[in-house]
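> here's a sequence, model it:
(one chain, ligands or ions: 2)
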Amino acid sequence: MHVVVNAAESVDGKIATREREQLRISGPEDFARVDRLRASVDAVMVGVETVRSDDPSLTLDDESLVATRTADGKSPHPARVVADSRGRTPPEARVLDDTAETYILTSEATTDEYRRSLEEGDATPIVAGSDRVDLGAAFEALAAHGIESIMVEGGGELIFSLFAADLVDELRVYVGSMIVGGRGAPTLADGDGFVGAFPDLSLESVERLDDGVLLEYDVTDADRGD
Ligand SMILES: NC(=O)c1ccc[n+]([C@@H]2O[C@H](COP(=O)([O-])OP(=O)(O)OC[C@H]3O[C@@H](n4cnc5c(N)ncnc54)[C@H](O)[C@@H]3O)[C@@H](O)[C@H]2O)c1
Ligand SMILES: Nc1nc(=O)c(N)c(NC[C@H](O)[C@H](O)[C@H](O)COP(=O)(O)O)[nH]1
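Ligands and ions are numbered 1, 2, ... in the order given. Just a heads-up that it's a prediction; the model follows:
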């Protein structure tokens, strides 16, 4: 699986406010870039807290990108993937509408009944892990469904876990010209944090977009002791 993490953060590294409400950091140029990145992958993934706070559609806005995918023999939109260990995706969430295929990654902590309710709504549950989603195993299961590339749009808990499991190939960060503050506000990578050894990033490009900066990194090394 080729995994690209994409997120927008403030200058002080926050991806949302301390109230965890959706925060518009990107401008139009960056949102257009995100749409093109979505169009280039087999699936777009978020953690369930992002679904609960932002209710994203995770589909393509630009109809010409939909047309290009269709002309290439692909589905009109990439598949949507939610990491949701305990079955907390709201039934009315936009990721569960019928615009695109949706996979909900769950653990054995969810009930058969919950998984059946997802199937009745045309989403595909994947069970990986006993208490929390085992992301490596879940990616193997997604690969069996033909998903070979995935873009992860956050949030900070999921992004940290992916780095901790050494599953990230590329990182793209848009830094908007704003300060958000708040010691409890989510950052690009939350979780338990690394100590002593850290993911090894190689800076590949820097570009000004809107009133901010896009930073693109390759993740080069798994040398960390978490
Ligand atoms: N600015 C941005 O680019 C951006 C992007 C996405 C989300 N956000 C913001 O981030 C916040 C949500 O982020 P968050 O960090 O609270 O939650 P998150 O979206 O990362 O979801 C975390 C949840 O995912 C589930 N999960 C399942 N398996 C997991 C695993 N192996 N590791 C980690 N989580 C796993 C758990 O239920 C966990 O509680 C919201 O405020 C949202 O607005 C910002
Ligand atoms: N690139 C980006 N810039 C931002 O300023 C911001 N707040 C997000 N946040 C990611 C989050 O998941 C958003 O809710 C979706 O980017 C909205 O996605 P939809 O168009 O509804 O699919 N992402």
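> CA only for contacts and neighbour counts going forward, please
Noted.
> and the contacts of the helix or strand Arg116 falls within?
Element membership for Arg116, per DSSP states H and E: helix 112-120. Residues outside helix 112-120 that contact it (C-alpha atoms under 8 Å, 6 or more residues apart in numbering): 87, 124-125.
> pull out the buried residues from it.
115, 118 (16 or more other C-alpha atoms under 10 Å).
> next one: stretch 8-20
Buried-residue list, stretch 8-20, by 16+ other C-alpha under 10 Å: 8-11, 13-17.
> correct me, but Met151 touches Val5?
Yes - at 5.7 Å, Met151 and Val5 qualify as touching, with contact defined as C-alpha atoms under 8 Å.
> the nearest residue to Leu142 once chain neighbours are set aside: how many residues sit nearby?
In this structure, Leu142 finds its nearest non-sequential neighbour in Glu148, 7.8 Å apart by C-alpha to C-alpha, 6 or more residues apart in numbering. Number of residues near Glu148 (other C-alpha atoms under 10 Å) recorded here: 16.
> what sits against Glu148?
Counted by C-alpha under 8 Å, 6+ apart, Glu148 has contacts 1-2, 42, 142.
> hmm, try it at 7 Å
1-2, 42 (C-alpha atoms under 7 Å, 6 or more residues apart in numbering).
> can you tell me which residues in the chain are near ligand 2?
7-8, 22-26, 31, 34, 50, 54, 56-59, 153 (C-alpha under 6 Å from any ligand atom).
> confidence-wise, which of those residues comes last?
Lowest in pLDDT among those is Gln22, which has 85.
> tell me if I'm right that that one and Asp54 touch.
Yes - contact criterion C-alpha atoms under 7 Å: Gln22 and Asp54 qualify, at 5.5 Å.
> what's the first helix or strand after the lowest-mean-pLDDT helix or strand in the chain?
Ranked by mean pLDDT, DSSP states H and E, the weakest helix or strand in the chain is helix 112-120, scoring a mean of 92. Counting by DSSP H and E, the element after helix 112-120 in chain order, helix or strand, is strand 124-127.
> would you map the strands across the protein?
2-9, 43-47, 79-83, 102-106, 124-127, 149-152, 170-176, 200-209, 212-221 (DSSP state E).
> send the alpha carbons of the fourth one over as CSV?
The reference is to strand 102-106. Extracted C-alpha coordinates of strand 102-106, given in CSV (Å, rounded to 0.1, in the frame of the first residue of the first chain):
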residue,chain,number,x,y,z
THR,A,102,-17.0,3.2,1.8
TYR,A,103,-15.0,0.9,4.0
ILE,A,104,-15.3,1.1,7.8
LEU,A,105,-12.3,-0.3,9.5
THR,A,106,-13.4,-1.7,12.9
